[in-house]
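>>> Okay, here's the prediction I keep looking at, along with the sequence it came from:
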Amino acid sequence: MSNTESEQSMTDTAVRTDGGTETKQSLRQRVLSNPEPAAIWLAGLALLVAVELGRFVDWALTIGGGIKFILDGIVATPTWVGSNFEGTLGFVAGAVASDITSLLLLFIVAVFLRAYLPFHPDEKLGLDLSRSRHLWFERGFVTAVLAAVVSVLVFTPIGAALKNEVGFYVGILDSLADTQTLLSRETIPNHGYQTASGSWEGTFLGLSARSAWLVRFTMVWVYAAVVMSWLWRGYNVYREHYRRMDWTPRDDVIDRLRSHNWGRFGLVVVIGFIVLALFAPVIATYPIQENVYEPYSQDSEFKYFNEEAGEVQTALHGDANINSRSQGAGSQNVGINQYDDYGRYAPLGTTTSGEDLMTHIAYGAQTSLSIGLIALFLALGIAMLLSLASAYYGGIIDLMAIIGTDTIISIPIFVLVLMMSVVFQQGDVWIAEPMDGGLLLALIFAFAYMPGMWRSIRGPSLQVAEEEWVDAAKSYGQTPLAIMRKHMAPYVMSYLIIYGSLLVGGMIIVTSALSFLGYGVSEPTPEWGRLIASGRNAVSTQSWHVSTVSGAMIAIVVTGFNALGDGIRDAIDPQAEANAGGSGGGA
Amino acid sequence: MSRWRYLAQRIAMSVPVVFSVITFLFLVLRLGPLDPIAARLGQNAQGANVQRLREEIGLDDPLWEQFADYLVETVTFSGESWVVRNGTDVSDMLLEVAGPTIWLGVWAIVLPLFIGLPLGFYAGLHPNSASDIMANVTGIIWRSMPNFWLAVLALAFLRSTGNGSGPFGFDWYTFGPTTQSAVGTPNLDFATIGDVFGAPMLTGMDWSAFFVDVKLILPAAIILGSSSMAAELRLGRTAVLENVNSNYVETAKAKGLKGRTIVWKHVFRNALIPLVPIVTNEAFILIGGSVIMEQIFNINGLGRMYFRAIQTADVPLAGSIVFLFTVIIIFLNILQDILYTIIDPRVGYDQ
């Protein structure tokens, strides 16, 4: 370490070892001193959120549900470990093992929480500890506090009371999520029936089912466009009125991305894909519960005008689906932009089992997006930690990481993913249940793609570990974790973003390929690859739409992700080499 | 460091990787949730049958013994299939199906090379012309299309051309050599190998059988190679663009060389250097893609057998095929590094 220089320059200035607050005015003060632009923007945002409040609350609840699922899994580990030990070593060993596991988990939490400790316990106690002892003492202290809190919650009625309290607030949110929003099936209904006189009953403003759906469909995109432009405006307001710096390097990145046509095209496609996924319940022609999941339940009954009988009758979606199948030559077909015999409008036609294709496509986007995002963030997190750790410590950890990742990289990715997916699905593991295998697939992707990601940032991490500012941070005695987070991560992050957006495209293709083969995401969760598989024998017939539309969707979305990746790469690093690969239709 | 020492070092470094791949396979396939007993005897099998099978497979042995057996079995390809063809040697089965996969792989590498590269060079020599933009855009979109979807579409089209009902009276079945089906496994018995002075040599070629085999593999190979074709197109284009504006081309022009000589003797050769990793990366894609392509085009190759093996919980067979794929990949990676040092002497051995 060459720290003579840095030591000299730092002796007289205050050393901040934590995240710290701004030395000048905080953002809050800056807003308060000039509230007008911020107020206008926030009012607009509030209006935009208010018309769709139910949906936003619903998304928040979904994310909360996901987090709860993960937490439940983590909380269950001590018991699981304990029961494993209990089976072989007896009750006492089991109890000890589960306690040790709980303490370990709490300790991991404590390591992260330590930095936010408002006081130093060893100083209060008057202990004089060396720096590393001080750290461990504080971590131990936080662990002990956490353990005390947890046992109070578990062993006294306080825990149950708290649970009730939380349940109460979640209940409020639930009822909020059920409120009607501007863009919803209730506001703009599209499923009605045409009477003998030709007028429509039960649809929006008495429009035809087609027009009513189109109105709702258009409204979604208008709303999304308005929200996006309002967010962009918000960034500009911030930049103009509240940011302390007139210029930051990020401005240049954004400008370059804005002038990059190809990247802009990618951005539009990716945003469109996300909107399609998020607004799937609105874009879908019929509620998925009625049309796909439970077509024979009592709720799935609808009215239609029977032309032969000349009167309005009721039918179940399930029965109607059987008569609306698109199975190609010689048999029935409900093509793009057609009505079926029950007066149901199918914007993209129906699937081979008679369900609405638009509903499948919209919810299929949701499936792909959730798998891609979960896998991406997991892989990003692990790759980031691993790369920073191996770059910081080097030596044996680096070597182990190389061999470990080489193992995974040397197995062709599709072969690996197929193997793990089949093994876990046939083994009936509980993790294969959520999303009909979607969660399992996301975990497998995280595992399979992480090494490649790590490789792509290992170089940059090694480079940044050699930088003087890392040496300087070490010499002040910052913890390795803090150095990695504050001084190394921002630099490595840009590489991860580029690689990540290229990766999502690959994941979408592999997901659909697996589902095409009958693994991956299984019935009834909608998935694009399965649509291609189901329509493959009807491609050259009148029912060509089933395979073609879903395949085209995959191609467009993957092109979009690749284009966005190219755009971001050129924006962040204009000198980057043009062979970063991208996700080919490899699978 | 000499080239040989570098080679030895690379091979030595791949040994722990091979070992850990086998360990990983053991963990997933043998210790994972797969139930080979249920796969062979049905879900409800019980009693003496199960016990006998457990002993036969060795499920009751100590774990380290099972692992040691598995290690030896995998490295020497001496396992026996459990389900797909009960009791047959894995090595025999692999040899039997390797032919069609290699046939597919060769064409899937060669075809894109001969289509993608020339297109890319052409686009690079005429930058920003309409055809350049066309080639670029098609390349990018082509790259994003899922192979299995293209295969489904292509197959539907080829099948629909029966009896000359395709566009312009095109009929795939009678196009070139007549075939009964658009899909199937190539026989690969076009070459007669005879003894010439004690060594096996190619003595005769059955050209019509050869063309039938080519025709059977052609659609699958083109689609399998399509994503690499797009990559090669892009690569050819950038390589030419970079080299055309370089100083040595100026020098060659000043020397009075003809345009064609400059292109072939200088630009082309330098553009080939970055091609090496693309071709080896292709092998990577090809192996994964062959599983799906062989499934769709009914080609009895390694990929299809792998799919069947993993589906039926045939642990030794599936493990051996994954191991074979892995060894090929590791070998190709080493080959790539060696090739690099030969083609471009500026690349050092140190990194």
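Everything's here; your move. Since we're looking at a predicted model, the values are computed, not measured.
>>> Show me the strands in chain B, by range?
Ranges of strands in chain B, per DSSP state E, are B:191-196, B:199-205.
>>> show me where pLDDT drops low in chain B?
B:1, B:42-45, B:164-166, B:169, B:188-205, B:269, B:271, B:343-351 (pLDDT under 70).
>>> Name the residue of it with the shortest distance to chain A.
residue B:33 (2.2 Å; C-beta to the nearest C-beta). C-betas here are computed from N, CA, C, even on glycine.
>>> Give me the nearest residue to that residue, chain neighbours excluded.
Spatial nearest neighbour of residue B:33, chain neighbours left out: residue A:427 (2.2 Å); criterion: C-beta to C-beta, 6 or more residues apart in numbering or on different chains.
>>> What is the burial count for that neighbour?
Number of residues near residue A:427 (other C-beta atoms under 10 Å in any protein chain shown) recorded here: 14.
>>> ok, now which ones touch residue A:495?
A:456, A:457, A:460 (C-beta atoms under 8 Å, 6 or more residues apart in numbering or on different chains).
>>> Against residue B:32, how distant is it?
Residue A:495 sits 33 Å away from residue B:32, going by C-beta to C-beta, to the nearest Å.
>>> what does residue A:527 give?
When C-beta to C-beta is the yardstick, residue A:527 and residue B:32 sit 24 Å from each other.
>>> Compare the two (neighbour count), which wins?
Neighbour tally, residue A:527 and residue B:32, criterion other C-beta under 10 Å: the higher count belongs to residue A:527, 30 against 18.
>>> Excluding chain neighbours, give the residue nearest to residue A:49 in space.
Nearest-residue entry for residue A:49: residue A:56, 5.8 Å, with adjacent residues in sequence omitted and distances by C-beta to C-beta, 6+ apart.
>>> Just the element for that neighbour, please.
Assessed by DSSP states H and E, residue A:56 sits inside helix A:53-89.
>>> for that helix, packing partners?
Judged by 3 or more C-beta pairs under 8 Å, 6 or more residues apart in numbering or on different chains; DSSP states H and E, the packing partners of helix A:53-89 are helix A:91-113, helix A:157-177.
>>> For it, buried residues please.
For helix A:53-89, a neighbour-count test (16 or more other C-beta atoms under 10 Å in any protein chain shown) marks A:53, A:54, A:55, A:57, A:58, A:61, A:78, A:81, A:82, A:85, A:86 as buried.
>>> Any chance of JSON lines for those, columns pLDDT?
Formatted as JSON lines, these follow (pLDDT from 0 to 100):
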{"residue": "A:53", "pLDDT": "88"}
{"residue": "A:54", "pLDDT": "87"}
{"residue": "A:55", "pLDDT": "87"}
{"residue": "A:57", "pLDDT": "89"}
{"residue": "A:58", "pLDDT": "88"}
{"residue": "A:61", "pLDDT": "89"}
{"residue": "A:78", "pLDDT": "81"}
{"residue": "A:81", "pLDDT": "79"}
{"residue": "A:82", "pLDDT": "79"}
{"residue": "A:85", "pLDDT": "75"}
{"residue": "A:86", "pLDDT": "73"}
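>>> Present those as a markdown table; the columns should include distance to residue A:482.
Putting those into a markdown table (distance: C-beta to C-beta, whole Å) gives the following:
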| residue | distance to residue A:482 |
| --- | --- |
| A:53 | 39 |
| A:54 | 41 |
| A:55 | 39 |
| A:57 | 36 |
| A:58 | 37 |
| A:61 | 34 |
| A:78 | 29 |
| A:81 | 30 |
| A:82 | 34 |
| A:85 | 35 |
| A:86 | 39 |
